[in-house]
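Chemist: no FASTA, just this:
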């Protein structure tokens, strides 16, 4: 993998950053991993807790088949090996929000083995990040320490919700690559419908392993930054931690393998208290659960129902004539890609539709802080606008105005064009009249333009103005050139 | 009828169905007899109102001709089974006021079959013990005494309340559980009959867990037929227990009297263990002769890994227990130490105060054997030996149909005699733990009395899910032994 431009300059020369991620993705499922309690986010505390989740005496876990299916689907999306036999283990530790005193997880035999994810880097470069494994495990509940001066509260709604822990190889060499991986992983799970990828709600969280080494040297000791839930903070944390490690090593120190927390207020990493990390988890196979045996035919069935994923979609869009950049922007979010395809379905030409979305519509959405699904203009309406431009019914300038009208007032673009008389004037005699009028009214400008042909643009602008923007700009341009007797530039 | 509590479960069933006695009369007789037997400390919770309500409901069913297989039969429930709305303690301080909001699958099956709940029965704390002496509610005392002795004896454990209640006629039958012998040891030392079915035969859902891969529910009652009736009602596949097995439950009564002609009975040479009481060896030999006399073929077999069973068991069971009992932390339910300084203090004192010495010992052993650096040497190795023990039986069953062995190395011992020495106590399980490790069914039936007049049981081990053959062989032993002796009701005098 290329590391150009990603090296950290230290006093002893360049250093390479090595990053591996453990990403916890909450499985999209109505019920928990081992109970039928609901998983809806934001419910009243402890309102979604079954006897199993609360670890009442004598309660037993029963695996939720749908969660397994989601894990398999994710594994297939990561181009990974599906293990037809996997084992659930108990990870034992005491905490108030861990009702059973152990978390059911998969230790030595995960449901998904090795796979890979392609990440898109600036400049169109594509890098490969190896996936080591994906396993299923239960989430813990939530401890709440800030609602009472000397009490803590526990909300078990989250306890038992299914998580997929996805572990990468240490294949990333900068914070940008880690960020690109996370964005790509998020896109993949969203395409698959296996995780909503909402980092703010905690449905995607990452532990980040960081080490540094001289290029080509063996791996150095790593540190793990725990429980990160924003791509921006992950980027900051990696940059800070890599620099810290370089400084330690260059000043003759050694890196202690430790678990760190990232303090978002000062942008620094700090070690967790030793009590927070000194665990011997005493893993052993959960005797309440049989080994998870999957039927090959069932896995094949899931594989055959897999949706088109970002990489394939990007390639297909490029085969329609889109640039790699445009295709990438569109596939980054499934909703964007779907919107784009809906525009094509309504008749827009691919390249024009992509340009329109990326240059016009997405910008307006960003400005208004709206997700594409929340935007006020339908794909059909945008498609109609793009088509009217292609058909020379309206000019590009009018198209932008029209988009503003539809954005704020709604309506069918074609009817609006009709009712407001926004149609482009292509009748040459009418345009000629307008050109002649402008030339006649501005003799001194005519002189100037004949001396300096680039001045012709001013006449075009004036004509567009007097025609209310409806004149076909190409026609106006040609006529202005002809009347002024100057040669077309270019 | 003279005393209704003298009936076997089978006799009571027949009497109730024949309307010779009402469920209410039967239940009232047991409730009265329970009152007179409180000195045995067999029940930790009596539920007379529930019992009478259930009995009345049974009488209505009987009257309307919709009686179910155990209609109106009063039984006791080991206090390890969660019973909805009725305190369930596992005989531990840590659950001493715990009232479940759910009913275990096995007890629900029993109520669905018409059985009547008399109350919750004493046992060793979290079923950890072989004498019922580790209970937070004090030891259960055996109704049996040696001839010319007033010394109090143990009723076996951990299901001591179950065995004592049946032996003392204060329940027609009782549920029990068996992790390393907890049904069979108590049955053997109280002249009662008990079966630990194949692992997976009964649902574990709603039964307080000790060691999940070994725990199994089963009945203790007077006779082989009584146990056949109870097990039929208790067993089921359960979608809530992934380890329960979907194999139809046969009508065990049907083949009970088919005899043992041609049945191959294996005698494992490794069960001739030093330290076994001579009367145990003697009754073992005698039982084999009885079976032979009824047409069975007695063959010597080998179970070569038997000697590793006890150490293997005392690694696996504590390992699972250390994890299973982690949930008793004082946070959500159960006993909580007062005024905790912080979370760690809450855990430490809740568990130190809430658990008894034997439970704490096993949690510590289990924590140790699962710890980093010890896992491979202990837990992993134990699992490998466990597989070898199971294979021993697979091999043995090529040349026999059932295995006949002693149940305990000695008859009942005195209260306080072994409790101070855990290892001696553990050795009492030497003949029973192998069966749990192999997941096989095993039946204990009374075979006679020793010179001191104490009951001696004998153990039959079957193939997986072949409880029917066990019942059939057990019935043959029962017929030959003609065991009818009941303990003197010394406890009623007071």
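Modeler: That came in fine, so what should we check first? Everything numeric in this text was worked out from a predicted model, so none of it was measured. Numbering: from 1, shown residues only, chains lettered A, B, ... in the order given.
Chemist: Apart from its neighbours in sequence, what residue is nearest residue 458?
Modeler: Using chain A here. Excluding the flanking residues, the one nearest residue A:458 by Cβ to Cβ, 6 or more residues apart in numbering or on different chains is residue A:445, at 6.6 Å. C-beta: built from backbone N, CA, C; applies to glycine.
Chemist: actually chain B
Modeler: residue B:447 (4.3 Å).
Chemist: How about the secondary structure of that neighbour?
Modeler: Assigned by DSSP: H, G, I helix; E, B strand; the rest coil, the conformation of residue B:447 is strand.
Chemist: Please apply the same query to residue A:119.
Modeler: strand.
Chemist: My guess is it contacts residue A:125. True?
Modeler: No - here residue A:119 lies out of contact with residue A:125, judged by Cβ atoms under 8 Å, at a distance of 9.2 Å.
Chemist: dump the residue contacts of the residue of the stretch 51-200 of chain A found nearest chain B.
Modeler: In the stretch 51-200 of chain A, the residue that lies nearest chain B is residue A:101 (2.4 Å; Cβ to the nearest Cβ). Each residue near residue A:101 by Cβ atoms under 8 Å, 6 or more residues apart in numbering or on different chains is listed here: A:55, A:92-94, B:323, B:325-327, B:329.
Chemist: residue ranges of the helices in the stretch 151-300 of chain B, please?
Modeler: Assigned by DSSP state H, counting those that start in this stretch, the stretch 151-300 of chain B shows helices spanning B:160-167, B:184-190, B:224-234, B:278-293.
Chemist: swap in the stretch 351-494 of chain B?
Modeler: Under DSSP H, counting those that start in this stretch, the stretch 351-494 of chain B gives helices at B:357-370, B:381-396, B:422-427, B:433-438, B:467-481, B:490-493.
Chemist: could you redo those helices as TSV and give each row distance to chain A and mean pLDDT?
Modeler: Formatted as TSV, these follow (distance: least, Cβ to the nearest Cβ, whole Å; pLDDT from 0 to 100):
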stretch	distance to chain A	mean pLDDT
helix B:357-370	4	98
helix B:381-396	9	98
helix B:422-427	21	92
helix B:433-438	12	98
helix B:467-481	22	98
helix B:490-493	31	83
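Chemist: so which of the ones you listed is the most packed in?
Modeler: Highest mean neighbour count among the helices of the stretch 351-494 of chain B (mean count of other Cβ atoms under 10 Å in any protein chain shown): helix B:433-438, with a mean of 28.
Chemist: close enough to count as contact, residue A:399 and residue A:384?
Modeler: No - checked against Cβ under 8 Å, the pair residue A:399 and residue A:384 is beyond contact range at 10.2 Å.
Chemist: more crowded one of these two?
Modeler: Counting neighbours by other Cβ atoms under 10 Å in any protein chain shown for residue A:399 and for residue A:384 shows that residue A:384 has the greater number, 24 against 21.
Chemist: OK, contacts around that one?
Modeler: A:346-347, A:412-414 are the contacts of residue A:384 under Cβ under 8 Å, 6+ apart.
Chemist: shaky segments in chain A?
Modeler: Flagging of chain A using pLDDT under 70 yields the residue ranges A:1-5, A:274-278, A:487-490.
Chemist: Helix or strand: which one has the most centrally placed residue in it?
Modeler: Geometric centre of chain A, nearest residue: residue A:183, 4.1 Å, by Cα atoms, centre = their mean. According to DSSP states H and E, residue A:183 maps onto helix A:175-192.
Chemist: ok so, going back, tell me the one of the contacts of residue A:384 nearest residue B:125?
Modeler: residue A:346 (72.2 Å; Cβ to Cβ).
Chemist: ok, the closest one to residue A:339 distance?
Modeler: As judged by Cβ to Cβ, to the nearest Å, residue A:346 and residue A:339 stand 11 Å apart.
Chemist: need the helices for the stretch 101-250 of chain A, in chain order.
Modeler: So, for the stretch 101-250 of chain A - with DSSP H, counting those that start in this stretch - the helices run A:175-192, A:231-250.
Chemist: and what of the stretch 251-400 of chain A?
Modeler: A:274-277, A:296-304, A:310-319, A:324-332, A:334-345, A:350-356, A:362-367, A:379-390, A:396-409.
Chemist: Determine how far the fourth one lies from the middle of the whole chain.
Modeler: Yep, that's helix A:324-332 we're talking about. 11 Å (Cα atoms, centre = their mean, to the nearest Å).
Chemist: which residues sit in contact with residue B:257?
Modeler: B:472, B:475.
Chemist: tell me the pLDDT at it?
Modeler: Here the pLDDT value assigned to residue B:257 is 96.
Chemist: Now it, what are its backbone angles?
Modeler: Phi and psi for residue B:257, reported as degrees, to the nearest 10, are phi -100, psi 20.
Chemist: Neighbours of residue 32, how many?
Modeler: This is for chain A. Residue A:32, neighbours per other Cβ under 10 Å, totals 27.
Chemist: let's do chain B instead
Modeler: 14.
Chemist: what's the answer for residue A:369, then?
Modeler: That count, for residue A:369 with other Cβ under 10 Å as the rule, works out to 7.
Chemist: With residue A:293 instead?
Modeler: With other Cβ under 10 Å as criterion, residue A:293 counts 8.
Chemist: So it versus chain B, what's the distance?
Modeler: Residue A:293 sits 12 Å away from chain B, going by Cβ to the nearest Cβ, to the nearest Å.
Chemist: next one: residue A:46
Modeler: Relative to chain B, and taking Cβ to the nearest Cβ, residue A:46 is found at 10 Å.
Chemist: ok so residue B:24 is a strand residue?
Modeler: No - according to three-state DSSP, residue B:24 belongs to no strand; its state is helix.
Chemist: which residues does residue 95 contact?
Modeler: No chain in the question, so chain A it is. With Cβ under 8 Å, 6+ apart, residue A:95 has these contacts: A:140, A:143, B:343.
Chemist: um, chain B though
Modeler: A:57, B:88-89, B:208, B:328, B:334-335.
Chemist: got it, and residue A:56?
Modeler: Counting by Cβ under 8 Å, 6+ apart, the residues that residue A:56 touches are B:82, B:100-102, B:333.
Chemist: tell me which element it is part of?
Modeler: Going by DSSP H and E, residue A:56 is not in any helix or strand.
Chemist: Just read off the phi/psi values of it.
Modeler: According to degrees, to the nearest 10, residue A:56 has phi -70, psi 160.
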